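Novice: quick one: sequence plus predicted model below, questions after.
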Amino acid sequence: MESTLNDLKNRRSIRSYKPEQIKEEELQKILEAGTYAPTGMGKQSPKIVAVQDKETRDLLSRLNAKYFPGASEGMDPFYGAPTVLVVLASKERPTCVEDGSLVMGNLMNAAYAVGVGSCWIHRAREVFDSPEGKELLGKWGIEGDYIGVGHCILGYPEGDAPAAKPRKDDYVVYVR
């Protein structure tokens, strides 16, 4: 139990990655953890699309940058991470955002537990609401009405992880 608590306290968002791809066994453990995230009524509405193909990864990066305010030409919102896990959730479920968010949390915590860096990259909603994003979903065989919840980028950190910021004093309010 202490190991899990330490992982939860020490995981940090990584924004600089080595170019080498993560190991298949690490990817599978991370993906499995994502599939065990709690979902509303246990309906498992999310889908995880694991992207390791460089061409598709780079396309996702370009699409994401289109929705990044003030993005410069050639900017990579994925910070060079070689793997992108796209988390989608069915709009048919009223808990789609919450379900997808819990999957994202599990993915990032599992990544840390197996020695892989991660970061939640926003703008998945905009990307997959766009005609290009909908075209990708069709190409991937994903049918239905899905919302993009997040991009979980994965890779081996380049350098040290940032230190945790002190927790604010009024983070927890007790009502006893």
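Specialist: Nice, I can see it. Worth saying up front: this structure is predicted, and the values here are computed from it rather than measured. Numbering: from 1, shown residues only.

Novice: secondary structure class of the residue positioned nearest the centre of the chain, three-state.
Specialist: Nearest to the geometric centre of the chain sits Cys152, at 1.8 Å (Cα atoms, centre = their mean). Secondary structure, DSSP: H, G, I helix; E, B strand; the rest coil: Cys152 is strand.

Novice: thought it was touching Leu88?
Specialist: No: contact criterion Cβ atoms under 8 Å: Cys152 and Leu88 do not qualify, at 11.7 Å. The way it works is simple: take the backbone N, C-alpha and C, and place the C-beta from them, glycine included.

Novice: skipping adjacent residues, who's closest to Phe128 in space?
Specialist: Of all residues not flanking Phe128 in the chain, Gly148 sits nearest, at 3.5 Å (Cβ to Cβ, 6 or more residues apart in numbering).

Novice: what is that neighbour paired to in the beta sheet?
Specialist: Leu88 (DSSP bridges).

Novice: can you start the count at 100 instead of 1 from here on
Specialist: Right, with 100 as the first residue, what we last looked at is Gly247.

Novice: residues near it, how many?
Specialist: 23 (other Cβ atoms under 10 Å).

Novice: phi and psi next, for Arg266.
Specialist: Backbone torsions for Arg266, taken as degrees, to the nearest 10, come to phi -80, psi 140.

Novice: let me fix that, I meant to ask about Pro118.
Specialist: phi -70, psi -20.

Novice: so Gly133: helix, strand or coil?
Specialist: helix.

Novice: need the pLDDT of it.
Specialist: Gly133 carries a pLDDT score of 98 in this model.
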